[in-house]
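# Model the following, please.
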Amino acid sequence: MEVEEIGNGEEVANVHNMLIIPHGFLLYSSSSFTPFSLFFFFFPIITTTTSLRLEEPLHYVTTIVATPPSHINSLHSLKSGAFRIKLHGICLTNIRLDICQYLPQLDGASKSLDFNKLWKPPPNRSFVACVEPSSAYMVPGNTRGYLLVNTNGGLNQMRAGICDMVAVARIINATLVVPELDKLSFWQDASNFSDVFDEDHFINSLANDVRVVKELPNELANATVAVEHFRSWSGLDYYQEDIANMWEDYRVIQAAKSDSRLANNNLPPDIQKLRCRACYEALRFAPRIEAMGKLLVDRMRSYGPYIALHLRYEKDMLAFSGCTHDLSSEEADELRIIRENTSYWKVKEIDSMEQRSKGHCPLTPKEVGIFLNALGYSSNTPIYIAAGEIYGGDSRMADLQSRYPVLMNKEKLASVEELVHLKNYASQMAALDYIVSVESDIFIPTYSGNMARAVEGKGLHGRGKGQFRERRAWIDFARKKHFM
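Predicted structure coming up:
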């Protein structure tokens with residue numbers, strides 16, 4: 001990696017919030033800094049595979065590993081200025097750094113790094129699952145009506161939406177009817193709830209929280225249904241007043257969408273705990289999916305410790321985000337047409353270069369290979385690709401494949417016969433990726449989204465291997481600063 005100074009430096013004082021990353025990486029943060037544009041481009045891959053120690057909430061990361069400018073010749077020399085970063089000859093962008101400190105170069109890192117440092121689980125920093133209800137939490141009594149839910153999005157977006165709707169049912173004192181999965185989105189998946197999740201387990205595990213039934217009772221089959229688009233990110237008052245008051249006129253309320261309908265913060269602790277119980281305890285996958293997922297994990301484990309790489313470089317992701325870096329004009333046009341023809345994607349005109357400069361684009365397969373190599377992962381490292389069909393196919397994966405030949409996915413680990421009942425159902429295939437990712441030694445998302453947050457949460461809930469627990473710092477930071 002090279003750094004070229006392009007501005008005059010000045011001494012920097014009051015450095016605080018130190019974040020330490022092993023293997024020669026040293027980062028600082030400073031609250032007086034404007035975040036640089038490609039934070040996500042660098043930071044997730046650097047931090048996802050290393051132990052972090054964060055003493056205070058991270059404001060802005062202001063140092064990146066680099067060969068020092070010529071005038072910096074001491075570990076104690078701190079400068080601020082603008083630098084142009086080059087990694088393996090690829091000029092990324094002009095980046096404003098508050099601090100630049102001399103550190104060892106990455107050259108030869110893969111030869112010198114200790115194996116255990118790359119793979120050992122980080123300390124858990126006393127994180128524990130917090131899901132047990134308080135002593136004041138009451139078992140639900142008679143409810144006022146029924147809540148129907150139409151979920152939307154991919155598997156993990158639907159999972160998050162279902163958890164919110166479980167909480168909403170509790171708030172408005174409703175009986176929840178088992179949600180309908182999205183059958184209209186990009187993936188055109190015809191799966192029902194019971195195809196993906198263990199329906200009986202879902203109902204029984206929530207018995208002390210919310211009454212759940214598989215369908216409306218016969219006497220309400222022809223009842224008038226109030227179809228509501230619940231307001232996004234709404235709090236307790238909205239549901240207790242605006243929505244609950246609808247019981248005066250209706251016995252059935254239908255949520256037209258499920259995603260992002262409930263606020264993340266300022267909710268009673270028991271409601272937050274209920275969301276977690278719903279997500280990580282009630283929403284268990286159907287037995288045949290669990291069995292197939294375990295089989296894939298066992299086969300992946302036969303190669304040794306492995307990385308699960310959520311390579312979010314699929315056609316739908318690129319079309320939705322408008323990210324066309326390194327694509328041909330024909331490919332860019334194809335993605336634009338998909339975006340324009342997808343009615344529920346509201347943003348149609350997207351500047352790809354602006355998206356990338358803001359860190360809103362996923363890493364390309366080639367970029368992932370460069371960073372894994374720079375971190376010191378040897379070429380025989382087993383990597384599981386947790387993703388659908390990569391846009392551009394084998395040609396786009398060629399560079400990553402050449403660097404890491406032990407590159408596996410569902411289709412390579414299982415036979416056609418073993419996947420025949422799953423392969424045409426995107427949600428069921430995504431469930432397999434989730435299972436293999438949760439059981440991985442290291443989980444690396446190339447773009448933060450519902451999958452990344454779901455796997456991260458599973459680790460914090462104490463069910464996964466735990467290596468991704470320490471990625472909480474960069475996920476939270478990048479999400480808050482809109483770099484993901």
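# how much space between the residue of the chain positioned farthest from its centre and Val210?
Distance from the centre of the chain peaks at Glu219, with 42.0 Å (CA atoms, centre = their mean). Relative to Val210, Glu219 is positioned 21 Å away (CB to CB, to the nearest Å). From N, CA and C alone the C-beta is placed, and that goes for glycine too.
# Could you do Lys410 as well?
33 Å.
# ok, now Leu400?
For Leu400 relative to Val210 (CB to CB), the value is 44 Å.
# repeat for Asp270
For Asp270, the distance to Val210 - CB to CB - is 12 Å.
# With Leu262 instead?
Distance from Leu262 to Val210, by CB to CB: 14 Å.
# Which one's more surrounded, the two?
Leu262 (27 against 24; other CB atoms under 10 Å).
# ok, Ser260 - contacts?
By CB atoms under 8 Å, 6 or more residues apart in numbering, the contact list for Ser260 reads Gly161, Asp164, Ser232, Trp233.
# For the third one, grab the count of nearby residues.
Counted with other CB under 10 Å, the neighbours of Ser232 add up to 11.
# just checking, it touches Arg261?
Yes. Judged on CB atoms under 8 Å, Ser232 makes contact with Arg261 at a distance of 6.4 Å.
# Model confidence score at the spatially closest residue to Arg144 that is not a sequence neighbour, please.
Leaving out its chain neighbours, the residue that sits closest to Arg144 by CB to CB, 6 or more residues apart in numbering is Trp247, at 4.3 Å. As predicted, Trp247 sits at a pLDDT of 97.
# Let's verify Trp247: helix, strand, or coil?
helix (DSSP: H, G, I helix; E, B strand; the rest coil).
# and if you look at Phe443?
Assignment for Phe443 (three-state DSSP): strand.
# Can you give me the distance of it to Ile383?
11 Å.
# Next, show the common contact partners of the two.
By CB under 8 Å, 6+ apart, the residues touching both Phe443 and Ile383 are Ile307, Ala308.
# Please work out how many residues are found near Ala136.
Considering only other CB under 10 Å, Ala136 is surrounded by 7 other residues.
# Quickly find the element holding it.
For Ala136, there is no enclosing helix or strand under DSSP states H and E.
# Can you read off the backbone torsions of it?
phi -90, psi 0 (degrees, to the nearest 10).
# tell me the contacts of it?
Asp270.
# okay, now the closest residue to Ile171 other than its chain neighbours: neighbour count?
Sequence neighbours aside, Tyr239 is the residue nearest to Ile171 in space, at 4.6 Å (criterion: CB to CB, 6+ apart). Tyr239 has 22 neighbouring residues, counting by other CB under 10 Å.
# Could you do Pro287 as well?
10.
# And the closest residue to it other than its chain neighbours, what's its pLDDT?
Spatial nearest neighbour of Pro287, excluding adjacent residues (CB to CB, 6+ apart): Asp198 at 6.6 Å. pLDDT, Asp198: 98.
# can I assume Asp198 is in contact with Ala282?
No. Counting by CB under 8 Å, Ala282 is not a contact partner of Asp198; they are 9.1 Å apart.
# And the two? Which one has more around it.
Ala282 (23 against 19).
# mind checking pLDDT for the residue nearest to the more buried one when sequence neighbours are not counted?
Nearest residue to Ala282 in three dimensions, chain neighbours excluded: Ser205, at 4.4 Å (CB to CB, 6+ apart). Looking at Ser205, its pLDDT stands at 97.
# next one: Ser343
Predicted confidence (pLDDT) for Ser343: 82.
# Also Ala478?
On pLDDT, Ala478 comes in at 37.
# just Leu184 next, same as before
So, for Leu184, pLDDT stands at 85.
# That one: what secondary structure?
coil.
# Kindly report the same for Ala226.
With three-state DSSP as the criterion, Ala226 reads strand.
# in which helix or strand would I find Val149?
With DSSP H and E as the test, Val149 turns up in strand 145-149.
# could you give me the average pLDDT of that strand?
The model assigns strand 145-149 a mean pLDDT of 98.
# hmm, who's touching that strand?
161-162, 165, 168-169, 172, 174-177, 179-180, 213, 216, 220, 225, 247, 250-255, 258.
# likewise stretch 277-293?
129, 131, 159-160, 162-163, 166-167, 194-198, 201-202, 205-206, 209, 414, 418-419, 421-422, 428, 431-432, 434-436, 454, 457-458, 461, 463.
# now do the same end-to-end measure for that stretch.
Distance across stretch 277-293, first residue to last, is 22 Å (CA to CA, to the nearest Å).
# What of stretch 238-254?
OK, stretch 238-254 end separation, CA to CA: 16 Å.
# now do stretch 192-208
Using CA to CA, first and last residues of stretch 192-208 are 25 Å apart.
# With stretch 136-151 instead?
Stretch 136-151: ends 31 Å apart by CA to CA.
# Please apply the same query to stretch 238-256.
Note: stretch 238-256 ends 16 Å apart using CA to CA.
# which stretches of the stretch 101-250 of the chain have low pLDDT?
101-114, 122-126 (pLDDT under 70).
# returning to that earlier point: can you count the residues close to the residue nearest to Arg144?
Trp247: 16 neighbours (other CB under 10 Å).
# my guess is Cys273 meets Glu132, correct?
For the record, residue 273 is Lys, not Cys. Yes. With contact defined as CB under 8 Å, Lys273 counts as touching Glu132 (7.0 Å).
# Those two - which one has more neighbours?
Lys273 (19 against 10).
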